[in-house]
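Student: Give the three-dimensional model of this entry:
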Amino acid sequence: MQLSIILVSPARAENIGAAARAMKTMGFTDLRIVASQAYLEPPARWVAHGAGDILDNIRHFDTLEEALEGINFTVATTARSRAKFHYYATPEQLLPLLKEKQQWVGHSALIFGREDSGLTNDELALADVLTGIPMKADYPSLNLGQAVMVYCYQLSDLMIPTAPVLPAADGSQLNALRQRVSSLLTQLNVTDDQKMIDWLQQRLGLFEQRDTAMLHRLLHDIEKKIAE
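Tutor: Residues are numbered from 1 along each chain as shown. Below you'll find the model as predicted:
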């Protein structure tokens, strides 16, 4: 499974350089930048210190939606309250979740938000699962470069080649499931129940391959019954 790191509107070139250095150290290679040209500034390369190839291969996108094209599973970082998004993983909990996805999801992404304000609610809504770093002290958040280092270190095991355990699967089936659920909720005229929709969309991100396949079968049966 390929894992891309996405930085949304980073303001400081130094933070981008630090993120690239953290990625290089832990074996990650694909860095994507949304709506920022700061990676072109000299301080990015000064701080990257040996990770110039990561900077050279950065892909820039105007929007997060464009950056997520071709991504099958998305994790977004946030320091916000978990009140709305109930399914939330620490970096430690994220590793086994992604290891399971590694068997059937081709391309995942880990998104980091702006240094001063993080990700918007609309951007968080694009994620399958949310994650955050628990703080021991009463301090707002880590520096962006530090946060990328924490996650790259915690998830570095994903970069160790492993033989597939499960049969090959279509990595897009999770996205297809989301669209199918959304369509069914529209057919049932329950799209005004935002609390239920938020719960359901976040829950889907935790499904394993077998769960996803079984829910596709269930939805097929429901859709067939509705069409009768």
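
Student: Mind naming the longest helix for this structure?
Tutor: Counting residues, the longest helix in the chain under DSSP state H turns out to be helix 209-227.

Student: The helix or strand where Ser183 lies - contacts with which helices or strands?
Tutor: Using DSSP states H and E, Ser183 maps to helix 173-187. Applying 3 or more C-beta pairs under 8 Å, 6 or more residues apart in numbering; DSSP states H and E, one finds that helix 173-187 contacts helix 194-204, helix 209-227. Where you see a C-beta, it was placed from the backbone N, CA and C, and this is true even at glycine.

Student: between it and helix 194-204, how big is the angle?
Tutor: For helix 173-187 against helix 194-204, the angle by axes from the mean of the first three to the mean of the last three C-alpha atoms, to 10 degrees is 160 degrees.

Student: My guess is Ala127 contacts Thr74. True?
Tutor: Yes - applying C-beta atoms under 8 Å as the test, Ala127 and Thr74 come out as touching, 4.7 Å apart.

Student: joint contacts of those two?
Tutor: Common neighbours of Ala127 and Thr74 are listed as Ile111 (criterion: C-beta atoms under 8 Å, 6 or more residues apart in numbering).

Student: List the contacts of the nearest residue to Met149 once chain neighbours are set aside.
Tutor: Among residues not flanking Met149 along the chain, Ala22 sits closest, at 3.9 Å (C-beta to C-beta, 6 or more residues apart in numbering). Applying C-beta under 8 Å, 6+ apart to Ala22 gives the contacts Gly145, Val148, Met149, Cys152, Tyr153.

Student: Which ChimeraX command selects the buried ones in those?
Tutor: The following ChimeraX line selects those of those that are buried, judged by 16 or more other C-beta atoms under 10 Å:
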select :145,148,149,152
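
Student: Return the subset of the contacts of Ala22 lying in helices.
Tutor: Using DSSP H, those in helices are Gly145, Val148, Met149, Cys152, Tyr153.

Student: so Gln209 sits right up against Gln103, yeah?
Tutor: Yes - counting by C-beta under 8 Å, Gln209 touches Gln103, with 6.7 Å between them.

Student: Could you look up the SS state of the residue nearest to the spatial centre of the chain?
Tutor: Taking C-alpha atoms, centre = their mean, the centroid of the chain lies closest to Val75, which sits 2.2 Å from it. Classification of Val75 by DSSP: H, G, I helix; E, B strand; the rest coil places it in strand.

Student: Just the buried residues of the lowest-mean-pLDDT helix or strand in the chain, please?
Tutor: Ranked by mean pLDDT, DSSP states H and E, the weakest helix or strand in the chain is helix 194-204, scoring a mean of 75. Buried residues in helix 194-204, counted by 16+ other C-beta under 10 Å: Gln201, Gln202, Leu204.

Student: ok, the residue nearest to the centre of the chain touching Lys101?
Tutor: No - counting by C-beta under 8 Å, Val75 stays clear of Lys101, with 9.7 Å between them.

Student: Adding distance to Leu174 as columns, could you present the helices and strands packed on helix 173-187 in a markdown table?
Tutor: Shown next, in a markdown table, are the helices and strands packed on helix 173-187 (distance: least, C-beta to C-beta, whole Å):
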| stretch | distance to Leu174 |
| --- | --- |
| helix 194-204 | 7 |
| helix 209-227 | 6 |
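
Student: From Thr90, how far out is the nearest residue to Ile222 once chain neighbours are set aside?
Tutor: In space, and not counting its chain neighbours, Ile222 is closest to Leu184: 6.6 Å by C-beta to C-beta, 6+ apart. Applying C-beta to C-beta, to the nearest Å, the value for Leu184 to Thr90 is 32 Å.
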